[in-house]
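J.: Would you be able to build a 3D model of this:
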Amino acid sequence: MTDDLVRIWYVSAQRLCNFRCSYCVSINDYAKSNTKDWLEQEDQVRFKKIVNWIAERPFRVGVRLATLGEPFTSSVFLSQAAWLTTRPNVAFVELLTNGSLLKQRLDRLDREGDVSKLSLWVTHHHTEISVSRFIENAKFAQEKYGCFVVVNGLLFPDNDESILELKTAAEDNGLRFNLDLGYDPWTPHGANTQLGAMVPILRRKDDGITRAVRLGANPEILDLSLRAMRDLNNQSCRAGHKYFYIGIRGDVYRCSRYQVLDKNRIGNVLDDGFEFNPNGQRWSPCEAGFGCVNKEDFLNLRQPEYDVAPPAPSLGWVQTAMVPA
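T.: Okay, here's the model as predicted:
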């Protein structure tokens, strides 16, 4: 199946969050805040310029518009997200949210934007919100506004019961369910880092992978994610062809791992006249070595294809089981 969409993952500098999760991966220079929406006025200016650049692309785009905090706490962020959904070249805008404010704030996106283009990756944080309230909000977004909704869980060693409750509730309410492995944000990923240090569920004496699959993780994607963390040598990837990453200051890389390594920077969208020219080859060798931990990135690795069904309006949801390339 031909997919002419260029997928973009843009992480903005919006930081305000209404949760206080101990395992939050927004840390250090990319830390969230429980008091400030944007650290500097320039962050807002830069954000608006980058969103405008995305809207002016001469090709169709699907955007995962991410933040360091919770997007639904920010009126500036929501206003720009709504405007982006109205642009003719934009197929979808995907927001990553904790789901707590959907009932209060989705109406604004409906008034100011095209809510039919809105996708929501709604992650449950078991220490901050009950499953029942969380599912009620996610179902509200799907049924009242027709949003493409994915309920996402994060598996840690101590939350099996919560994940099982979440999975059951999602299925009972007709919601898509995804399960990812929770990371320890304070463990640096070096060449000698054990996966069990990065991924707490793998520290258990029993088989953490088996438990993850039993609780709803996609086994093929799980295998792909573990291989991407361990070894990228001789791996082909389509990042830079129909997918690229924009950092908070507008720097463009083929993926976020290249940005961490500051490898082969393509340019900056804030530079006058900058144009993203997709890699002419669909597949090219990955030179990152190891440490590909973000699903937005590693789903571009070859192995496998996703051409069985139309691609989803999401940078994290796989529409069907994977098949050999």
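J.: burial of the closest residue to Gly267 other than its chain neighbours, as a residue count?
T.: Closest residue to Gly267 apart from its sequence neighbours, by C-beta to C-beta, 6 or more residues apart in numbering: Phe274 at 4.9 Å. For every residue, glycine as well, the C-beta is placed using N, CA and C. Neighbour count for Phe274, taken as other C-beta atoms under 10 Å: 13.
J.: now swap in the one 4 residues further on and tell me
T.: Number of residues near Pro278 (other C-beta under 10 Å) recorded here: 15.
J.: What backbone torsions are found at the residue nearest to Gly267?
T.: Dihedral pair for Phe274: phi -70, psi 130, per degrees, to the nearest 10.
J.: swap in Ile246?
T.: Ile246 adopts backbone torsions of phi -120, psi 120, taken as degrees, to the nearest 10.
J.: Quick check, it in contact with Trp9.
T.: Yes - between Ile246 and Trp9 there is a contact at 7.2 Å, judged by C-beta atoms under 8 Å.
J.: Strands along the stretch 151-300 of the chain, start to end?
T.: 176-181, 236-237, 243-246, 251-253, 267-268, 284-285 (DSSP state E, counting those that start in this stretch).
J.: who's in contact with the fifth one?
T.: Going back to what we said before, that points to strand 267-268. Counting contacts by C-beta atoms under 8 Å, 6 or more residues apart in numbering, the residues outside strand 267-268 that touch it are 249-252, 274, 276.
J.: Looking at those residues, which is nearest Ser26?
T.: Arg249 (15.9 Å; C-beta to C-beta).
J.: what's the spatially closest residue to that closest one that is not a sequence neighbour sitting at in phi/psi?
T.: Excluding its sequence neighbours, the residue lying closest to Arg249 (C-beta to C-beta, 6+ apart) is Arg46, at 6.8 Å. Arg46 adopts backbone torsions of phi -60, psi -40, taken as degrees, to the nearest 10.
J.: Just the pLDDT at the closest residue to Pro219 other than its chain neighbours, thanks.
T.: With C-beta to C-beta, 6+ apart as the criterion, Pro219 has its nearest non-adjacent residue at 4.9 Å, and that residue is Val213. Looking at Val213, its pLDDT stands at 94.
J.: Now for Gly174, how many residues are close by?
T.: Neighbours around Gly174, by other C-beta under 10 Å: 10.
J.: how close does Gly216 sit to Leu164?
T.: Between Gly216 and Leu164 the distance is 8 Å, computed by C-beta to C-beta, to the nearest Å.
J.: brain fart, Arg133
T.: Applying C-beta to C-beta, the value for Arg133 to Leu164 is 17 Å.
J.: same deal with Asp158?
T.: Using C-beta to C-beta, one obtains 13 Å as the distance from Asp158 to Leu164.
J.: ok, now Lys139?
T.: On the measure of C-beta to C-beta, Lys139 and Leu164 end up 19 Å apart.
J.: His241: what's it in contact with?
T.: Shown in contact with His241 (C-beta under 8 Å, 6+ apart): 278-284.
J.: before we move on, back to that, now the residue nearest to Pro219: how far from Leu154?
T.: Counting by C-beta to C-beta, the gap from Val213 to Leu154 is 15 Å.
J.: These two: who's more crowded?
T.: Legend: neighbour count by other C-beta under 10 Å for Val213 and Leu154, higher for Leu154 (20 against 15).
J.: Next up, the contacts around the more buried one.
T.: Neighbouring residues of Leu154 by C-beta under 8 Å, 6+ apart: 23, 123-125, 179-182.
J.: again, but for Ser100
T.: 18-19, 70, 72, 128-129, 133-134, 137.
J.: Burial check on Gln281, number of neighbours?
T.: Gln281 sits with 10 neighbouring residues when counted by other C-beta under 10 Å.
J.: any idea how far it is from Gln14?
T.: For Gln281, the distance to Gln14 - C-beta to C-beta - is 35 Å.
J.: Check Asp43 too.
T.: Asp43 is 8 Å from Gln14, by C-beta to C-beta.
J.: Show residues contacting the strand or helix carrying Trp53.
T.: Here Trp53, judged by DSSP states H and E, is contained in helix 41-55. With C-beta under 8 Å, 6+ apart as the test, helix 41-55 has contacts from 8, 10, 12-14, 38, 61, 63, 65, 76-77, 80, 83-84, 87, 89-90, 246, 248-250, 269-270, 274.
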